[in-house]
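Colleague: just need the structure, nothing else, for what follows:
(2 chains)
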Amino acid sequence: MKDFVNLINAIEITNKTNAKIQALVDYFTKATDKDKLWLIAIFTGKRPPRPVKTSLLKLWCMEIIKLPEWLFLESYSTVGDLGETLALLLPEPKHHINKTLDAWMQDIIALKAKTDEEKKAYVLNAWSGLNIQERFVFNKLIGGSFRIGVSKKTLVNALAKLSGIDANQLMHSIIGNWDIQTISFQDLVNGEHINYDNSKPYPFCLAYALETNINALGYPNEWQIEYKWDGIRGQVLKRNGEIYIWSRGEELVTGQFPEIETAMRQFKNDFVIDGEILALKDSNVLLFNDLQKRLNRKNISKKLLEEVPIGFYVYDILELNSKDIRDVALEKRRLFLEQLFASTDIPNHIKLSQIIHFETWDALHSIRKNARTINSEGLMLKQKASPYHVGRKKGDWWKWKVDPLTIDVVMIYAQKGSGRRSSKYTDYTFAVKKDDGLVTVAKAYSGLTDKEITEISRWVNKNAIEKFGPVRTVKPELVFEIAFEGIALSNRHKSGVALRFPRIKRWRRDKSIKDIDTIQSVKSLIYAQ
Amino acid sequence: MKLIRFTKKGLYCIPGKFYLDPWQPVDYAVISHGHADHARWGMKRYLCHHHTKPILQHRINANINIQSLGYNETISINGVNLSFHPAGHIIGSAQIRLEYKGFVLVFTGDYKTTSDNLTSPFQPIKCHEFITESTFGLPIYKWLPDTVLKQQMHDWIATNKSNNRTSVFFGYSLGKAQRIMKMLEGVDDIYVHNAIYALNEAINSTDITLPRTNLITADFNKKAIQNKIVILPPALLGSKMLKRIPNAATAVCSGWMQIRGNRRWRAVDAGFPVSDHADWNGLLSAVKATEAEKVYVTHGSQATFSKYLNEIGILAEEVITEYGEEQMEDVETKVAAT
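Modeller: Next comes the predicted model:
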């Protein structure tokens, strides 16, 4: 397992994607075929079920180290990862176990059926036979999640570099149906188990942000205007009875959105369409935060399907009945799309993107301003004569987002981040004034530089009111300007308002708590939208 | 017996009328070691170990009023017997022992309990009251033996060399840089930043001889340092100077590198948990060896460590001071920027 541990170390320490890819390629070059397959399985969620509950791992570790639970928890909140905390707290190894990744994984599969006593004996023996790094990896293998900054995309890019095979095809191969016990590495990479002709996507056509005055775009009637949505851009392929959904990040996400997959079967024709995956309830677009609850889940519960139903707004059509029509003018492609929709009885959650009718550019300003009320993030401007370009090209497509709203708030809680950010206080809760006190309005965790985060972490350490645990209440002193895309009344929030996509715009060192917004001034933004 | 009062300016010895590592200007300051959070400017008089003297003269001012002592040498100040004892933290670092009418108190400053072949090794001292640091006062901090770390660093340099890369280490100019130099002595030519070079010269003016290093200037010869070893202060991470170093592989040497999150935060190519502070077991063994009736815990994990000491039957109390690694980083930044 030494090579696998070195790989994990190499991947973790760097934030450069190329270095991660190189480390993966190095591993693939050295490892046995079985270990290569395990690596792919581990990073694509195809791993054996967890044989031991993490609460048991914690219990066994505490029995060995004989430290009070509060001290264990304090260590955990400093480290931010249970598997790593256990690895660090356990005593030095007494012997050394050297096994391949495959051997470990076969053990872990077999462990599932054992008794707790047998499991304990196995785990304790492994712990005393591995060094800290190996122990950490072992805990991760046994304990489930393995989030270490390798996306499927990175993995696929490494395999592409290694094999020379098209990355999207590899994406389908690794996500497709395969069984580690029966497939060979070469067959997997060659895609013997899939039909890439059916799943091959097109590159997305992307827009730049509008940088000139809109009047400079020429005649309004040359442009098709639609709302811009804050969901996940998706490409749906229907070919020979098979359906595939690709995300803009070139990940195959078909299984995550059964609502779209099922609905697409209603169509008689084959096609490739481009659109936005959105959380859609009673014909209203929900916030991205809601959509997020549906992402990257192995199993989607019935409750979640009801709570956050998915819809698809269709923007464009790239292929119709096996014919690539990307060079056809947008105006014409839109007609194809409308015909496609007219000829079929389609469920309500698959919708054609609405075309906004307007006479003058001036009229468009107020439409854009009101976009927020329907949870849209602005407008898309597309030249009617434009082809469906490959990638980002200036001139034909523009995005014209609404300006974010901003308020001044004070930090009241700080929490350590996870992963790379687990050593610093990076997640903050903010409040505004209400009567004589404060009320929480938002949580945000982005928008600051590493240097600012370091400085704020130091300040939190000095100004925290609690001394233990992961969340620190701090003196309400640091003022931030936060930006957000929209605001609505909400009875789920104590403040009575919900902000859409709040993030830190800047740290207002020039302001103090007297200068922050009040809940009244925040609410007044709702009516001003 | 109340020998020490914790004041806004620092730790005050009541009968002796002097301060230990004060953070505001006072008349008489006894200094445990040369790090900027313990040895500050503006004191009318300084007292420290012989090896710390040239460091303070370099860092603060050549004209400060300064007196120095050797280890285990006792002087009397207003009836208080004061002596320095090795703390093993950095060159010249001392625990400060105070004795007054048979009552003994020891202030550690910063310390580590393992030997690094460079500084005089830590010596436990029996006392009634013990004031200890707690930088790494959590059981997750357990250092690997120096021999293991040394091997890891040598291996890393060898790999870099075979990949045609220059090995760049980041460590505080005072203490960590010299420790790295010692660990890498004889492996290859070592180039150091001016902030480190100047301190090396100050240390070499005593009876200590450091491994030989070369000064890396702003207009350094890229060819000469290719595939060699470079040591820079942490503030130069991401600097122009680093960008000029051909094919640099970067590593941070610090106890904080024990935690993955910290290693990843720095966005370097390697992190070696080389620390000049005591780890969890080091702190515990140091406290127990003093047989102190009362332990005061300063900078670091003071809340956690004092709570734990109380639970295992050692009377302990946390004390808020202005010492700490992070403050030092600020000072390093200023030093390195010049």
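
Colleague: low pLDDT regions in the chain?
Modeller: Because you didn't say which chain, this covers chain A. A:144, A:418-422, A:446, A:528-529 (pLDDT under 70).

Colleague: oops, wrong one, chain B.
Modeller: By pLDDT under 70, the low-scoring segments of chain B are B:1, B:325-338.

Colleague: pick out the residue of it closest to chain A.
Modeller: In chain B, the residue that lies nearest chain A is residue B:261 (3.3 Å; Cβ to the nearest Cβ). Bear in mind the C-beta positions are built from the backbone N, C-alpha and C, glycine included.

Colleague: distance-wise, check residue A:403 relative to chain B.
Modeller: From residue A:403 across to chain B, the span is 32 Å (Cβ to the nearest Cβ, to the nearest Å).

Colleague: is that residue in a helix, a strand, or coil?
Modeller: What DSSP: H, G, I helix; E, B strand; the rest coil gives for residue A:403 is coil.

Colleague: what do you get for residue A:142?
Modeller: helix.

Colleague: for it, which residues are in contact?
Modeller: Residues in contact with residue A:142, defined by Cβ atoms under 8 Å, 6 or more residues apart in numbering or on different chains, are A:50, A:51, A:52, A:57, A:108, A:111, A:123.

Colleague: hmm, back to that, isn't the residue of chain B closest to chain A right up against residue A:77?
Modeller: No - the pair residue B:261 / residue A:77 is not scored as a contact, 11.6 Å apart, by Cβ atoms under 8 Å.

Colleague: more neighbours: those two, which one.
Modeller: Between residue B:261 and residue A:77, residue B:261 has the larger neighbour count (other Cβ atoms under 10 Å in any protein chain shown), namely 22 against 16.

Colleague: closest residue of the stretch 51-200 of chain A to chain B?
Modeller: Of all residues in the stretch 51-200 of chain A, residue A:88 sits closest to chain B, at 4.1 Å by Cβ to the nearest Cβ.

Colleague: just to revisit the earlier point, in ChimeraX, select just the buried ones from the contacts of residue A:142.
Modeller: Buried members of the contacts of residue A:142, defined by 16 or more other Cβ atoms under 10 Å in any protein chain shown, are picked up in ChimeraX with:
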select /A:51,52,57,108,111,123
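
Colleague: and the closest residue to residue B:304 other than its chain neighbours, helix, strand or coil?
Modeller: Residue nearest to residue B:304 in three dimensions, not counting chain neighbours: residue A:74, with 5.4 Å by Cβ to Cβ, 6 or more residues apart in numbering or on different chains. Put simply, residue A:74 is helix when judged by three-state DSSP.

Colleague: tell me, how many residues neighbour residue A:74?
Modeller: Residue A:74 has 25 neighbours, counted by other Cβ under 10 Å.

Colleague: quick one: the helices in chain B?
Modeller: B:53-59, B:146-162, B:176-183, B:194-204, B:222-225, B:240-244, B:260-266, B:280-290, B:302-311, B:325-337 (DSSP state H).

Colleague: write out the residues of chain A neighbouring chain B.
Modeller: For chain A, the residues in contact with chain B (Cβ under 8 Å from any Cβ of the partner chain) are A:12-15, A:65, A:67-68, A:70-71, A:74-75, A:78-81, A:84-85, A:88-89, A:136, A:419-424, A:450, A:458, A:461, A:467-468.

Colleague: filter the residues you listed down to the ones in helices?
Modeller: Using DSSP H, the residues of chain A next to chain B in helices are A:12-13, A:65, A:70-71, A:74-75, A:78-79, A:84-85, A:88-89, A:136, A:450, A:458, A:461.
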